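Enquirer: pasting the structure only:
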């Protein structure tokens, strides 16, 4: 490889991130939008916000296939992802059976529940295992725990204290125009931003590796 051709050969014009989610009452949809906004804030990142409610939607599968990273989101119902989201994950068995077609895509996750805890961690573990079964590369949240001192408040980023993914809490008697609160949405924004940053690094490293393989042995 000559010095003049290297930048051209290794240039990556954009990365594509899909935010694939289900939302029962609109609260997780707001969280998904914040995640998508965060990913889209990284220059050159194309974001597709897709609802997984209809597993027969071929456009959904084409979007996920084209993505360099997929951020999964579901509400936590009874301590685990919603049944609608689980139905979607079960349909991905065909992708897994086809030589792990999603292998080495970046993955991350987020969830919302009514309770402060709501057993949301169990949902994120479920999403992580799901991504691992596909050979995907999981990215967590890089924020310190907020609201963990006497000076902390509910306005702190990562106020719930999660690192496996982004958690949000939405009061059951408030609609999505009021909940989750701004701090949870800003936390979701950071997750999307971080995934985009890591995806760029991953794509750049992959391009270098592939370019090296194509070079003739001297």
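Expert: The structure has been received and is ready for your questions. Everything numeric here is computed off the predicted structure, so don't read it as measured data.

Enquirer: what's the helix or strand harbouring residue 167 in contact with?
Expert: Element membership of residue 167, judged by DSSP states H and E, is strand 166-169. Contact with strand 166-169 is made by 27-28, 31, 35, 109-116, 118, 120-121, 124, 141, 160, 179-181, 184-185, 187-188, 190-191, as judged by Cβ atoms under 8 Å, 6 or more residues apart in numbering. Placement of C-beta: from N, CA and C, glycine included.

Enquirer: that strand pairs with which strands?
Expert: Here strand 166-169 has these sheet partners by DSSP bridges: strand 106-113 (parallel).

Enquirer: now the strand it pairs with: mean pLDDT?
Expert: Looking at strand 106-113 alone, the average pLDDT works out to 98.

Enquirer: what are the buried residues along the following helix or strand past it?
Expert: Using DSSP H and E, the helix or strand that follows strand 106-113 towards the C-terminus is helix 120-133. Using 16 or more other Cβ atoms under 10 Å as the test for burial, helix 120-133 gives 120-124, 126-128, 130-131.

Enquirer: likewise for stretch 27-43?
Expert: Here stretch 27-43 shows 27-40, 42 as buried, counting by 16+ other Cβ under 10 Å.

Enquirer: would you mind naming the residues that bridge with the residue nearest to the spatial centre of the chain?
Expert: What sits nearest the mean C-alpha location of the chain, by Cα atoms, centre = their mean, is residue 71, with 2.0 Å. Counting by DSSP bridges, residue 71 is bridged to residue 19, residue 108.

Enquirer: show me the contacts for it.
Expert: 17-20, 35, 39, 107-110, 191-192, 195.

Enquirer: dump these to JSON lines, plus distance to residue 155.
Expert: Listed next are the contacts of residue 71 as JSON lines, based on distance: Cβ to Cβ, whole Å:
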{"residue": "17", "distance to residue 155": "27"}
{"residue": "18", "distance to residue 155": "30"}
{"residue": "19", "distance to residue 155": "24"}
{"residue": "20", "distance to residue 155": "29"}
{"residue": "35", "distance to residue 155": "19"}
{"residue": "39", "distance to residue 155": "23"}
{"residue": "107", "distance to residue 155": "29"}
{"residue": "108", "distance to residue 155": "23"}
{"residue": "109", "distance to residue 155": "24"}
{"residue": "110", "distance to residue 155": "19"}
{"residue": "191", "distance to residue 155": "18"}
{"residue": "192", "distance to residue 155": "20"}
{"residue": "195", "distance to residue 155": "24"}
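
Enquirer: in what element of secondary structure is the spatially closest residue to residue 37 that is not a sequence neighbour found?
Expert: Spatial nearest neighbour of residue 37, excluding adjacent residues (Cβ to Cβ, 6 or more residues apart in numbering): residue 189 at 5.7 Å. Using DSSP H and E, residue 189 sits within helix 182-214.

Enquirer: dihedrals phi and psi, the closest residue to residue 25 other than its chain neighbours?
Expert: The shortest distance from residue 25 to any non-neighbouring residue, by Cβ to Cβ, 6+ apart, is to residue 176 (6.9 Å). Dihedral pair for residue 176: phi -70, psi -10, per degrees, to the nearest 10.

Enquirer: and residue 176, how far is that from residue 152?
Expert: 25 Å (Cβ to Cβ, to the nearest Å).

Enquirer: look at those two and report which has more neighbours.
Expert: Neighbour count, other Cβ atoms under 10 Å: between residue 176 and residue 152, residue 176 has more, with 17 against 12.
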